[in-house]
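S.K.: Okay, predicted coordinates and the sequence, questions at the end:
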Amino acid sequence: MRNILLTQLLLTGQLLSLGSAVWADDEARQELINRLEAPATLSANFEQRTFKEGQSSVTISTGQMRIAKPMRFAWQVFAPFEQQVISDGETLWVYDPDLEQATYQPVGTSVQQSPAMILSQPRKILTEQYEVVEASSETLAVYRLFPIDTSSVFTELTVAFKQDLIAEIRILDSLGQETLIALTDVIANAPLDEEIFSFNPPPGTDLFEQM
């Protein structure tokens with residue numbers, strides 16, 4: 001089955017071991033903003049595991065993410081089905097090569113609520129749209145995010161850092177699914193070609209505007 005969940009999460013390793021909250025909300029939010037704003041660019045490989053509520057099966061996908069502030073990112077899924085999710089800061093594209101189709105939409109409010117936007121524009125998004133609680137363990141700096149908008153596609157997002165670099169993302173969505181994204185080969189502040197965040201549909205691609 002195509003990895004629809006990753007697309008939904010973008011549009012809209014070890015399991016995180018959460019400790020008790022120890023900071024007030026405003027302090028935790030500012031600490032997380034500082035950590036996310038520190039790198040101007042970020043690239044990493046990822047393995048995503050999705051667990052559906054009440055089922056023992058696990059959906060696994062692998063790929064690469066690249067982020068450049070503000071609001072530019074490129075997520076590419078390599079397996080089991082190739083897919084690209086690309087934002088140049090103004091337009092968001094989702095491209096499925098095997099289907100030869102791409103959808104596009106403006107980077108509006110719904111997109112700005114997504115985990116990808118939290119990484120690429122943390123100060124604005126975290127200040128306006130999330131409650132933040134610090135819940136670190138002995139080995140990881142951990143922050144739990146709760147959307148202020150109750151209609152958000154997910155109910156909780158957890159971000160973990162190891163040695164000042166983002167290491168894991170854990171997402172609980174409104175359908176009861178849990179998604180764990182483990183990041184490896186994380187590189188901060190390396191130059192990234194601007195072409196990475198520009199999408200030009202290949203000839204023959206069917207284009208659909210996402211409303």
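M.R.: Perfect, thanks for sending it.

S.K.: Tell me which other helices or strands the top helix by length along the chain touches.
M.R.: Using DSSP state H to define each element, the chain has its longest helix at helix 25-37. Judged by 3 or more Cβ pairs under 8 Å, 6 or more residues apart in numbering; DSSP states H and E, helix 25-37 is in contact with helix 122-129, strand 130-134, strand 141-147, strand 154-162. C-beta coordinates here come from the backbone N, C-alpha and C atoms, glycine included.

S.K.: change it to 7 Å
M.R.: helix 122-129, strand 130-134 (3 or more Cβ pairs under 7 Å, 6 or more residues apart in numbering; DSSP states H and E).

S.K.: so where's this structure shaky on pLDDT?
M.R.: Scanning the chain for pLDDT under 70 picks out 1-24, 109-113.

S.K.: coming back round to it: quick one, which of the helices and strands packed on helix 25-37 is packed in tightest?
M.R.: Neighbour counts (mean count of other Cβ atoms under 10 Å) averaged over each of the helices and strands packed on helix 25-37 peak at strand 130-134, with a mean of 20.

S.K.: That strand: partners in the sheet, and parallel or antiparallel?
M.R.: strand 141-147 (antiparallel) (DSSP bridges).

S.K.: Could you dump the helices and strands packed on helix 25-37 into TSV and include distance to Pro147?
M.R.: Shown next, in TSV, are the helices and strands packed on helix 25-37 (distance: least, Cβ to Cβ, whole Å):
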stretch	distance to Pro147
helix 122-129	6
strand 130-134	6
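
S.K.: among these, which is nearest Gly204?
M.R.: Among the helices and strands packed on helix 25-37, helix 122-129 comes nearest to Gly204, with 35.9 Å by Cβ to Cβ.

S.K.: Show me what that closest one is packed up against.
M.R.: helix 25-37, helix 115-120.

S.K.: Could you rerun that using 8 Å?
M.R.: By 3+ Cβ pairs under 8 Å, 6+ apart, helix 122-129 packs against helix 25-37, helix 109-112, helix 115-120.

S.K.: In JSON lines: the ones you listed, plus mean neighbour count and distance to Gln129.
M.R.: Formatted as JSON lines, the helices and strands packed on helix 122-129 follow (neighbours: other Cβ atoms under 10 Å; distance: least, Cβ to Cβ, whole Å):
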{"stretch": "helix 25-37", "mean neighbour count": "17", "distance to Gln129": "11"}
{"stretch": "helix 109-112", "mean neighbour count": "16", "distance to Gln129": "8"}
{"stretch": "helix 115-120", "mean neighbour count": "22", "distance to Gln129": "9"}
